[in-house]
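# Got a sequence here, can you model it:
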Amino acid sequence: MTAFSMQDNELWTRHLLGLLTQVAAAVYVVSKISWPDRRLRAAMLLMFSSGCFKYVERTWCLYKASPTSLRESSLAFLRTIVGSLASRGGRYRKGYILDERFSDMLDDGRLKYAHAFEQASSSAITLVSDTPINDTLSVEASQGLVVQKLQTLKSNKDRYRVYNYINTRLILVYERLYTKALVRLISMQRLDMTDIFGSCEALAECNFCFCYFLICNILLWIAFLVYALIFLFPFLSTLVALMLFKVVEKGELYSRADVTVSYILLIGALVLEVASLFISIQSYVSGMHAIHRATKQWSEMLGQYNMIKSFDRVHENNGPKGITSFVPRWIGKHIDDKTSHISISEDLKKFVLDKLLDFGTREEDWNFASMRGQLALRNWTTSHEDSGIVRSDSNLHQSINDVDFPTSVLIWHKATDMLYYQEDINNISDHKMKKMSRELSNYIMYLVFKCGAMLTTNTELKHNITRESIERIFGVRNSVLEKEAVMLVFEFHQGLHRRSYGASHGDSQPEAQMQLLENTMKSVLPRAYGVAQELIDIHKEAACWDLVAAVWVEMLYYIAPRCGGAFHSQHLASGGEFITHVLLLMQLLGPFLPPPSS
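Presented below is the predicted three-dimensional model:
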């Protein structure tokens, strides 16, 4: 582990300065000490050199994981791909590489080790960038070729293995950003004997003179020995230092406690070096053909923030009201951030991937990452033209087209809650979509209002005002069930709507002007009620939960490339977020990321 955050990588120059100053100070102190035994001085120099080597190694890893270096690595990798495509048959080569990628995705999510870290560098720059760009391969490939590959993937029953591929790729990105895995990879590749023998055989097949072949062969073996020495230097230096310290005549010069502590430190350092060597070799050998982790490598949890549940007086069931309920409420009030986490369901993962593949197999829908529900409304309206329910001036359209994204999320979140507890419109066939819609609603609320993704000051104010409005609706109730709380809000605005409809025949022009002036200072609950009521009306003719789920998954695609590089890299270091997996899915399955200007 070299860094705990991307900020550590950006401060690599500070670590370099620390290295130089500490080495200078250590050299000065050591030079002033007299050494009665040269073997003891040699042991000290070996340990000092090993420490300097590791400090240099860590500083170099921090530099290589800094945004500037990642950008350079990504550009170099892209130039390599472009050159390869230009020199090996153009479109045929692109099709071959796409075939290889999709084959890896279906091969239980495995990654070819030879190109794993180059791909990780490409994905790393995507995650740390505030304006991620599409994968070069999918951009340069013909649209028909991409559609063909996606149609093949869509019809494959093992298509959900794509998530394993994304998991593995994110593991490599994490290792690229926060560990010394890059150093281990370079060292092991240089020490791979198959590469040495392969190079020798290639030289032997060339029509060069024997002397040239011999010289090149010798140089290859010299390079191998140099890299072997560098790779084994920390271990060998620690081992030799321990042996020298053992044979040194300690006599009466040093106390027994000092000698014991020195032995403990040297043996501990040797054990750590052996463990590091074992991990490096085992990691490389097991991954020469493929990289695959069978164990769970990320949290697989969805953050959930529900506005109604965030109130201390709201609870899910009629539990005890004594001390056992008071303590959790007190802790929640003073410590908790009003969020929870749930395990991500297989149904939700399948729904997100299948919807993405649906968009990908229709070229006209490739701009879905610039939509946030418009495509869902358009497709639903097209398939239900006879109903005439969804109009262009409806609350449904206005809640998506006429407000900013965070406000739209807030409106649809409250509308989804209101719809969720309407018993007369729910049935068994809707259960799966209903459950996924609410999970996505709470997750996107968590991303926007708890993680700050795309959050604006105005929308944060609307959020707080909406909470205050709900608090007033609750009145003096000390305890209320979640379902009861949602229905209280719904019925309250239902009554307001009826009264305002009855008074609408009067002169409402001044009131309309005041609404325009005070729009920022108003709660979103009336709009949310309007959306919920229209969804209820829709459900009388057709299932509305398909529409609600489609809107929420479009919002998920919309926010994924707009969370910001700091968000993705920070959460990658602390267990990962599902939205990061969605971002890589959008980048690797096709050119689905929005242009930087959007």
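# Give me the next element, helix or strand, following the helix or strand of the chain with the lowest mean pLDDT.
Of all the helices and strands that make up the chain, helix 509-517 has the lowest average by mean pLDDT, DSSP states H and E, namely a mean of 43. For helix 509-517, the succeeding helix or strand toward the C-terminus, using DSSP states H and E, is helix 525-539.
# Show me the contact partners of that following helix.
387, 389-390, 394-396, 398-399, 410-415, 418-419, 422, 425, 466, 469-470, 489-490, 493-494, 496-497, 544, 547-548 (Cβ atoms under 8 Å, 6 or more residues apart in numbering). Placement of C-beta: from N, CA and C, glycine included.
# which of those count as buried?
389-390, 394-396, 398-399, 410-415, 418-419, 422, 425, 466, 469-470, 489-490, 493, 544, 547-548 (16 or more other Cβ atoms under 10 Å).
# Where does pLDDT dip in the stretch 351-500 of the chain?
Residues of the stretch 351-500 of the chain that meet the criterion pLDDT under 70 lie in 385-390, 392, 423-429, 476, 497-500.
# Could you name the helices and strands sitting against the helix or strand hosting Glu471?
According to DSSP H and E, Glu471 maps onto helix 457-474. Helices and strands touching helix 457-474, by 3 or more Cβ pairs under 8 Å, 6 or more residues apart in numbering; DSSP states H and E, are helix 405-420, helix 482-502, helix 525-539.
# Could I get the buried residue list for the last one?
I take that to be helix 525-539. Neighbour-count burial for helix 525-539 flags 525-536, 538-539 (criterion: 16+ other Cβ under 10 Å).
# What segments of the stretch 201-350 of the chain are helices?
With DSSP state H, counting those that start in this stretch as the criterion, the stretch 201-350 of the chain has helices at 210-247, 256-286, 323-334, 346-360.
# what mean pLDDT would you report for the shortest one?
Helix 323-334 carries an average pLDDT of 49.
# Contacts only, for Asn401.
Applying Cβ under 8 Å, 6+ apart, the residues contacting Asn401 are Gln374.
# rerun at 10 Å
Arg372, Gly373, Gln374, Leu377, Ser392, Ser408 (Cβ atoms under 10 Å, 6 or more residues apart in numbering).
# Check Leu265 too.
Met47, Leu242, Phe245.
# would a markdown table of these with neighbour count and distance to Gln143 be doable?
Output for the contacts of Leu265, formatted as a markdown table (neighbours: other Cβ atoms under 10 Å; distance: Cβ to Cβ, whole Å):
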| residue | neighbour count | distance to Gln143 |
| --- | --- | --- |
| Met47 | 21 | 60 |
| Leu242 | 19 | 63 |
| Phe245 | 22 | 68 |
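# nearest to Ser340, of those?
Of all those, Ser340 sits closest to Met47, with 49.5 Å by Cβ to Cβ.
# which non-adjacent residue is nearest that closest one?
Spatial nearest neighbour of Met47, chain neighbours left out: Ala241 (5.0 Å); criterion: Cβ to Cβ, 6 or more residues apart in numbering.
# Please verify my assumption that the one you found contacts Tyr263.
No - counting by Cβ atoms under 10 Å, Tyr263 is not a contact partner of Ala241; they are 11.4 Å apart.
# With neighbour numbers in mind, choose between the two.
Using other Cβ atoms under 10 Å, the more surrounded residue of Ala241 and Tyr263 is Ala241, with 24 against 13.
# wait, what's in contact with that one?
Contacts of Ala241 by Cβ under 10 Å, 6+ apart are 39-40, 42-50, 266, 269-270.
# same check, this time on Thr466
By Cβ under 10 Å, 6+ apart, Thr466 lies in contact with Met307, Leu410, Ile411, His413, Lys414, Val489, Lys522, Ser523, Val524, Leu525, Ala528.
# The same query, at a cut-off of 7 Å, please.
By Cβ atoms under 7 Å, 6 or more residues apart in numbering, the contact list for Thr466 reads Leu410, Ser523, Val524, Leu525.
# ok, the nearest residue to Thr456 once chain neighbours are set aside - how many residues close by?
Once flanking residues are discounted, Thr456 sits nearest to Pro406: 5.9 Å by Cβ to Cβ, 6+ apart. Using other Cβ under 10 Å, Pro406 has 22 other residues around it.
# doesn't Val448 make contact with Pro406?
Yes - between Pro406 and Val448 there is a contact at 5.2 Å, judged by Cβ atoms under 7 Å.
# any common contacting residues for those two?
Met454, Leu455.
# all helices of the stretch 51-200 of the chain, in order?
67-87, 91-106, 116-128, 136-140, 143-154, 162-178, 181-190, 193-205.
# Select from those helices the stretch with the lowest mean pLDDT.
What stands lowest among these, in mean pLDDT terms, is helix 193-205, with a mean of 50.
# picking that back up, would you format the buried residues of helix 525-539 as TSV with pLDDT and distance to Ala228 included?
Below are the buried residues of helix 525-539 laid out as TSV (pLDDT from 0 to 100; distance: Cβ to Cβ, whole Å):
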residue	pLDDT	distance to Ala228
Leu525	91	69
Pro526	90	73
Arg527	91	69
Ala528	92	67
Tyr529	91	72
Gly530	91	72
Val531	92	67
Ala532	91	69
Gln533	90	74
Glu534	89	71
Leu535	89	68
Ile536	87	72
Ile538	82	70
His539	74	70
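# any idea which of the residues you listed is closest to Glu57?
Checking the buried residues of helix 525-539 one by one against Glu57 (Cβ to Cβ), the nearest turns out to be Ala528, at 55.3 Å.
# Now that closest one. Nearest residue, chain neighbours left out?
Lys414 (3.5 Å).
# In terms of mean pLDDT, which of the helices of the stretch 201-350 of the chain ranks lowest?
Among the helices of the stretch 201-350 of the chain, helix 323-334 scores lowest, with a mean of 49.
# What is the neighbour count of Leu229?
10.
# before we move on, what about Val29?
Neighbours of Val29 under the rule other Cβ under 10 Å: 9.
# one step back: quick one: contacts for the residue nearest to Ala528?
Met307, Val524, Leu525, Ala528.
# There's contact between the second one and Leu410 in this structure, I believe.
Yes - distance between Val524 and Leu410: 5.1 Å, which falls inside the contact criterion (Cβ under 7 Å).
# Overlap in contacts, those two.
Jointly contacting Val524 and Leu410 under the rule Cβ under 7 Å, 6+ apart are Lys462, Thr466.
# I'd like the distance from the helix holding Glu471 to the chain centre, please.
Helix 457-474 has its C-alpha centroid displaced from the chain centroid by 30 Å (Cα atoms, centre = their mean, to the nearest Å).
# can you give me the angle it makes with helix 482-502?
100 degrees (axes from the mean of the first three to the mean of the last three Cα atoms, to 10 degrees).
# Give me the phi and psi for the nearest residue to Gly564 once chain neighbours are set aside.
Nearest residue to Gly564, sequence neighbours excluded (Cβ to Cβ, 6+ apart): Asp130, at 5.1 Å. Here is the backbone geometry of Asp130 (degrees, to the nearest 10): phi -80, psi -20.
# Number of residues surrounding the residue nearest to Cys52 when sequence neighbours are not counted?
Nearest non-adjacent residue to Cys52, counting by Cβ to Cβ, 6+ apart: Val23, 6.1 Å away. Look at Val23: counted by other Cβ under 10 Å, it has 15 neighbours.
# isn't Leu585 right next to Ile166, touching?
Yes - using Cβ under 7 Å, Leu585 is in contact with Ile166, at 6.2 Å.
# Could you check how far Leu572 is from Ile222?
40 Å (Cβ to Cβ, to the nearest Å).
# scratch that, His493 is what I was asking about
Taken as Cβ to Cβ, the span from His493 to Ile222 is 80 Å.
# what's the spacing between Asp358 and Lys54?
From Asp358 to Lys54 the distance is 51 Å (Cβ to Cβ).
# you'd agree Asn9 is up against Ser69?
No - under the criterion of Cβ under 7 Å, Asn9 is not in contact with Ser69, lying 8.5 Å apart.
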